[in-house]
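Enquirer: just coords:
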């Protein structure tokens with residue numbers, strides 16, 4: 001059962017969410033650009049490093065920045081997919097059960113793919129398959 005809504009309803013119903021997603025996207029792009037600049041900086045991060053502990057500290061900070069950048073990329077992809085679903089009229093429909101995702105969940109996580117119940121099941125199955 002496809003519960004896609006028509007274009008006019010979609011634009012009215014999710015305009016606030018669309019604006020919020022676009023703001024989130026801008027913020028993540030800004031943060032990611034800053035992280036890339038720091039990672040690719042020509043400054044010698046190791047100047048003034050006096051021992052192995054200092055080297056490990058710099059390497060650890062680089063690793064944390066890279067992990068944060070990767071997390072931002074994943075969030076940006078999720079936001080882009082949510083914006084596409086708004087355009088297609090399928091936003092707010094659970095990927096698994098095809099029921100509407102609650103407005104509270106969409107408010108908390110506007111790029112959610114599943115309703116709370118299906119997300120819990122998905123995470124339970126995913127954790128069991130990872131054992």
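Expert: Cool, the structure landed. Treat the numbers as computed from the prediction; the structure is a model and nothing was measured.

Enquirer: Need the pLDDT of residue 52.
Expert: At residue 52, the pLDDT value in this model is 77.

Enquirer: count of neighbours near it?
Expert: Residue 52 is flanked by 8 other residues according to other CB atoms under 10 Å. Where you see a C-beta, it was placed from the backbone N, CA and C, and this is true even at glycine.

Enquirer: Please apply the same query to residue 85.
Expert: Using other CB under 10 Å, residue 85 has 19 other residues around it.

Enquirer: same deal with residue 121?
Expert: Look at residue 121: counted by other CB under 10 Å, it has 14 neighbours.

Enquirer: do you know how far it is from residue 107?
Expert: Noted for residue 121: a distance of 22 Å to residue 107, by CB to CB, to the nearest Å.

Enquirer: Skipping adjacent residues, who's closest to the one residue sitting closest to the centre of the chain in space?
Expert: Relative to the mean C-alpha position of the chain, the nearest C-alpha, by CA atoms, centre = their mean, is the one of residue 75, at 1.7 Å. The shortest distance from residue 75 to any non-neighbouring residue, by CB to CB, 6 or more residues apart in numbering, is to residue 28 (5.7 Å).

Enquirer: Which pLDDT does the model give that neighbour?
Expert: Confidence per residue is given as pLDDT, and for residue 28 that number is 94.

Enquirer: before we move on, what about the one 4 residues further on?
Expert: What the model reports for residue 32 is a pLDDT of 88.

Enquirer: For it, identify the helix or strand it belongs to.
Expert: Residue 32 is part of helix 15-39, with elements assigned from DSSP states H and E.

Enquirer: Which elements pack onto the helix or strand that comes right after that helix?
Expert: Sequence-wise, the next helix or strand downstream of helix 15-39 (DSSP H and E) is helix 52-88. The contact analysis (3 or more CB pairs under 8 Å, 6 or more residues apart in numbering; DSSP states H and E) places helix 52-88 against helix 15-39.
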